[in-house]
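[1] Quick one: sequence plus predicted model below, questions after.
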Amino acid sequence: MYAKGVSCNNCHEPHSAELRAEGNTLCTQCHSEAGNPAFPTLLQKPYDEASHHFHAEGSEGAQCKSCHMIERDYMGVDGRRDHSFRIPRPDLSLETGSPNACTDCHADQTAAWAAGAIQGWYPESENRGPHYGQVIAAGRRDPGNTVGQLADLAEYTALPGIVRATALEMLTRTATPELATRLAPMLQDPDPLVRAAAAGLQRGAPDTERPARLAPLLDDPVKTVRIAAAREFLSLRIARMPDRITRNLNRAMQDWQGSLLAKADFPETQIVMAGVGLTTRRMGAALQAFGEAVTLDPQLEQAWVMMIRIHAAMGDAGAARQTADRAIARNPESIELNLMRADLN
C-alpha cells in the first residue's frame, strides 16, 4: 500500500490521529466496487460481504482488521495492530512458524486447518505460492545453505526495499569476494535501505577494492547511507585518501556521531560508541563509553569485561582489579567476572 502511495492520513486525521471512519467503512472508502480514483490499480469489487470474508455479517471475523491487521501486545501491555495489511497466509505458518490471523481467532484449530479453509474459499487465488518470507526464514535457520537464494532476493527489484535490505544484511555474515562483487551494483540501488545494507556486504571484498566501491556512498543524499559507509571505513587501513574523500568521510562520521549522541541515554548506543573507540584505538574514549553503558545497565557483563581487559592491556593492574570488584558487586553470580578477578591477583 505504501508503494502505491497510501499514507497515514488516508486513514487518520493528521492532527488528531483519529480514524476518518469507523469499522469496515474506513477500508471500503477504497476497497469497494466503486474503488478510489487516487489508486487506479485497485480491483473494483465487493469486499465487505460474505463472498469475500466468509464470516457472518457484523461478526468480529467480518471485520477487515481481524484478517488484515492482526493485533499483538507491545511491551506486554499495549495492543497494537499490524499496519503491513497482509493477506492471511496460514500455509506459510506451516513452513516458517509465522503467526496468522486465522488461528489468532480460531485458537483451537491448526494452521493446516486454516490453510485448507482458505484453499477452499479461494481455489484460484494468485496470493499463494512462493513468498520471500520462506527464503528469509530458511536463511535464519541455515544461512550457509541459502546464500544463492538470499542473493536472488536482494536482486529482485519488484520486492520492497526493506525485504531486499534484510536479505543483504543476512548475507553479511557469509560475505565473500565473489558475493561482494556480484552484489556491488546494489550500492547504486534507487532505494536507500538497499544501498545502506549493501555497504556492509562489502566486508567480503578485497581491501584493495572496498574503498573505491564505498567512497561514493560517503556523499550520498541520505544520511543513513552515509553513516553505513562511514562505519565500513573504520575497518579499512588506508595510508592516504584524496582530499575530497577525506572531507566526505569526516562529514559522514559527524553524521554518525550526531545520530549516536541523540540516543546516548541507551546503553546499546554507548556500546557502539565504545566499539568505535576500540577500532580507532582511542582507549580513553572506549573506557568512558563502556563506563556509561554499565552505569545505565550494570548487568551488561561484557561491558565490564571489556573495561577490565582494556585496563589490563594498558598496564594498569590496579584499575583492572577495582573495575572487576565493582563489576562483581553488581553481578555476584557471574562466573566470567569472578574468574577474571581471580586471574588479576
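    Alright, I've got the coordinates.

[2] Show me what the longest helix along the chain packs onto, helices and strands only.
    Among the segments of the chain that qualify as a helix by DSSP state H, the longest is helix 243-261. With contacts defined as 3 or more CB pairs under 8 Å, 6 or more residues apart in numbering; DSSP states H and E, helix 243-261 has these neighbours: helix 223-233, helix 267-279. No exception for glycine: its C-beta is placed from N, CA and C like everyone else's.

[3] Please identify the most buried of these.
    helix 223-233 (a mean of 22; mean count of other CB atoms under 10 Å).

[4] Run through the neighbouring helices and strands of that one.
    Counting by 3+ CB pairs under 8 Å, 6+ apart, helix 223-233 packs on helix 192-201, helix 210-214, helix 243-261.

[5] tell me the most buried of those?
    Using mean count of other CB under 10 Å, helix 192-201 ranks as the most buried of those, with a mean of 25.

[6] which residues does residue 321 contact?
    When contacts are counted by CB atoms under 8 Å, 6 or more residues apart in numbering, residue 321 touches 341, 344.

[7] ok, back up a step: okay if I get the helices and strands packed on helix 223-233 as CSV plus mean pLDDT and distance to residue 292?
    Below are those laid out as CSV (pLDDT from 0 to 100; distance: least, CB to CB, whole Å):
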stretch, mean pLDDT, distance to residue 292
helix 192-201, 97, 26
helix 210-214, 94, 30
helix 243-261, 92, 12
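
[8] how about TSV for the helices and strands packed on helix 243-261, with mean pLDDT added?
    Listed next are the helices and strands packed on helix 243-261 as TSV, based on pLDDT from 0 to 100:
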stretch	mean pLDDT
helix 223-233	95
helix 267-279	93
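
[9] could these be laid out in TSV, adding distance to residue 332?
    Below are the helices and strands packed on helix 243-261 laid out as TSV (distance: least, CB to CB, whole Å):
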stretch	distance to residue 332
helix 223-233	36
helix 267-279	20
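
[10] As a check, name the ranges of all strands in the chain.
    Per DSSP state E, the chain carries strands over the ranges 71-74, 78-81.

[11] Not counting the first one itself, show me its contacts.
    So the one you mean is strand 71-74. Contacts for strand 71-74 (CB under 8 Å, 6+ apart): 79, 80, 81, 82, 99, 104.
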